[in-house]
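got a predicted model here, sequence first, then my questions.
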Amino acid sequence: MTAVKKSGVLFASNNDTNDTNHLPIPVFENSPTFKMALRQLHSVAEHINIDSGVLERLSRPKRSMVVSVPVRMDNGRTEVFAGYRVQHSLTSGPAKGGLRFHPSVDLGEVAALAMWMSWKCGIMNLPFGGAKGGIACDPSKMSMAEKEGVTRRFTSEVLSIIGPHSDVMAPDLGTDEQTMAWIYDTYSMSIGYACPEVVTGKPVELGGCHGRREATGRGVVYCIREALHELNLKPTESTAVVQGFGNVGTVVCQELSALNVRVIAVGDRSGAVRNPRGIEIHALNRHVNIEGKPLKDFPDAEAISSEELLATPCTIMVPAALERVITLKNAHQLRCRILAEGANGPTTPEADEILASSDIFVIPDILCNAGGVTVSYFEWVQDLQRLFWSESQVNDRLRELMGEAFQRVRKEARDRNISMRMAALSLGVQKTAHEKMRRGLYP
Ligand code: NAD
């Protein structure tokens with residue numbers, strides 16, 4: 001099985017069958033993110049024993065839905081947004097994955113994120129396949145009423161493919177607990193009874209899980225603790241730089257500060273700030289997330305550019321914003337000992353090759369940020385059983401599962417002398433591939 005290029009599209013080619021039978025995936029043609037996900041899959045396939053037909057099936061999403069989302073805006077005009085829901089795999093259970101609101105969302109990006117979700121669920125041994133959704137809109141420029149309109153109409157448009165046993169959404173970039181509450185309500189109204197298990201990441205009073213909002217950031221920090229231990233580094237002597245101060249980035253900063261790691265620089269879409277003595281995270285949280293002021297205007301720190309942020313020398317670098325921010329151009333400028341990928345897909349394959357020849361310890365995204373989907377799984381289970389856990393039960397179980405997953409990936413990397421990313425992808429892909437093989441091909 002090899003990856004070949006036709007009309008600019010990378011897609012699986014099975015050497016022992018006639019190539020004309022293989023359909024390209026034209027809808028993903030222009031997506032660098034999908035090509036990146038596919039390239040990762042194919043490089044993993046070279047190192048593991050995988051049936052060529054299964055690889056072909058895993059190379060493309062199981063189901064993709066593109067919808068128009070018309071919404072009456074506050075000014076009385078109707079705007080139509082593009083919405084996407086992609087289910088990469090339904091083999092291991094319901095499809096599971098976030099919904100993002102961002103102006104540059106497209107089908108290819110969503111398809112790549114859905115594929116990564118499959119590997120993530122595989123590494124964590126969760127009974128889900130991967131999915132992702134997105135709406136091309138800018139939530140920072142929309143009122144609550146407009147966001148509610150977009151969310152509810154999108155939910156109605158994808159109603160036929162979502163459900164607690166088919167596809168369960170969660171928050172991602174630009175969406176939050178309130179978004180999930182609207183999806184829960186819209187879905188429940190259409191089926192005639194309350195169905196909290198249709199989404200995760202809801203408010204706790206609606207059947208959400210204690211600690212879900214913080215779970216991704218906490219999981220990132222549990223992995224960082226394992227890596228520090230592995231490298232014989234002390235938290236109290238470590239410094240951190242975090243890109244992104246939203247859900248994931250804020251919790252990462254708070255949890256690192258709680259471990260007495262000095263957070264010396266933080267950035268978001270408004271810019272970045274640095275203070276070598278350490279940034280006071282409670283004050284930064286108040287400034288950005290409570291008072292709504294631009295992060296770059298935070299007093300008691302020097303404003304720096306996004307480029308300077310990533311080049312700041314530190315022990316731990318955490319990209320927790322967008323994908324493809326560490327590239328061929330800036331990878332050699334990183335001055336960290338640990339790269340903990342809180343965001344999905346922050347490092348391009350070209351940058352990864354540079355990192356592989358450095359002494360940077362990479363905690364790959366599909367392991368590092370898997371705390372979110374893990375606690376989403378806890379939430380789904382609690383909702384199905386109508387039996388709820390305390391926050392300490394959630395956190396203890398999360399710490400245990402993240403620690404075990406970290407050690408499984410570390411062992412795979414060590415035993416096979418491969419990178420942490422290759423080890424994580426291998427475990428995730430093999431789990432999904434194995435289940436596909438055992439289930440066989442229908443009909
Ligand atoms: P969020 O919307 O809460 O925060 C995003 C942050 O990124 C904001 O601080 C924003 O200002 C910043 N940002 C946006 N554009 C930027 C740019 N060009 N340069 C620098 N910063 C920029 O989103 P989130 O939920 O924290 O998600 C962040 C990342 O983590 C995404 O890649 C997401 O897919 C991933 N992730 C999130 C979860 C979750 O549970 N929320 C789970 C797994 C992975």
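Arrived safely.

which residue is the nearest non-sequential neighbour of residue 66?
residue 84 (5.7 Å; C-beta to C-beta, 6 or more residues apart in numbering). From N, CA and C alone the C-beta is placed, and that goes for glycine too.

so what does whatever helix or strand the one you found lives in touch, helix or strand wise?
Secondary structure from DSSP states H and E places residue 84 in strand 78-87. In terms of contacts (3 or more C-beta pairs under 8 Å, 6 or more residues apart in numbering; DSSP states H and E), strand 78-87 is packed against strand 63-72, helix 107-123, strand 129-135, helix 144-157.

reformat those as CSV; add distance to residue 415, mean pLDDT and mean neighbour count.
Below are these laid out as CSV (distance: least, C-beta to C-beta, whole Å; pLDDT from 0 to 100; neighbours: other C-beta atoms under 10 Å):
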stretch, distance to residue 415, mean pLDDT, mean neighbour count
strand 63-72, 36, 97, 17
helix 107-123, 16, 97, 28
strand 129-135, 26, 98, 29
helix 144-157, 44, 98, 20
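
the ligand: which of these is closest?
helix 107-123 (6.8 Å; C-beta to the nearest ligand atom).

coming back round to it: would TSV of the helices and strands packed on strand 78-87 with distance to the ligand be doable?
TSV is the format used below for these (distance: least, C-beta to the nearest ligand atom, whole Å):
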stretch	distance to the ligand
strand 63-72	18
helix 107-123	7
strand 129-135	9
helix 144-157	13
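
for stretch 291-304, buried residues please.
Across stretch 291-304, burial judged by 16 or more other C-beta atoms under 10 Å covers 295-296, 298, 301, 304.

just stretch 180-199 next, same as before
180-187, 195-199.

quick one: terminal-to-terminal distance for it?
End-to-end distance of stretch 180-199: 6 Å, with C-alpha to C-alpha, to the nearest Å as the criterion.

avg pLDDT for it?
Throughout stretch 180-199, pLDDT has a mean value of 98.

and that stretch with the ligand, contact?
No - using C-beta under 6 Å from any ligand atom, stretch 180-199 stays clear of the ligand, coming no nearer than 10.9 Å.

does the residue in the stretch 51-200 of the chain that the ligand sits nearest to belong to a helix, a strand or coil?
Residue of the stretch 51-200 of the chain nearest the ligand, by C-beta to the nearest ligand atom: residue 173 (4.2 Å). With DSSP: H, G, I helix; E, B strand; the rest coil as the basis, residue 173 sits in coil.

which residue packs closest to it, ignoring adjacent ones?
With C-beta to C-beta, 6+ apart, the residue lying closest to residue 173 is residue 100, at 4.1 Å.

wait, is that neighbour part of a strand?
Yes - using three-state DSSP, the secondary structure at residue 100 is a strand.

that one: neighbouring residues, count only.
Neighbour count of residue 100, defined by other C-beta atoms under 10 Å: 24.

who's it bridged to?
Bridge pairing for residue 100 (DSSP bridges) gives the partners residue 134.

next secondary structure after the helix or strand bottoming out on mean pLDDT in the chain?
The weakest-scoring helix or strand in the chain, judged by mean pLDDT, DSSP states H and E, is strand 9-13 (a mean of 34). For strand 9-13, the following helix or strand on the C-terminal side (DSSP H and E) is helix 32-45.

OK, contacts around the residue of the chain found nearest the ligand?
Closest to the ligand within the chain is residue 246: 1.7 Å, counting by C-beta to the nearest ligand atom. When contacts are counted by C-beta atoms under 8 Å, 6 or more residues apart in numbering, residue 246 touches 173, 268, 320-321.

ok, residue 241 touching residue 317?
Yes - if you go by C-beta atoms under 8 Å, residue 241 and residue 317 touch, sitting 5.1 Å apart.

find residues that contact each of those two.
Shared contacts of residue 241 and residue 317, defined by C-beta under 8 Å, 6+ apart, comprise 310, 336.

before we move on, the earlier item: what's the most distant pair in the contacts of residue 246?
Farthest-apart pair in the contacts of residue 246 is 173 and 268; separation 12.0 Å (C-beta to C-beta).
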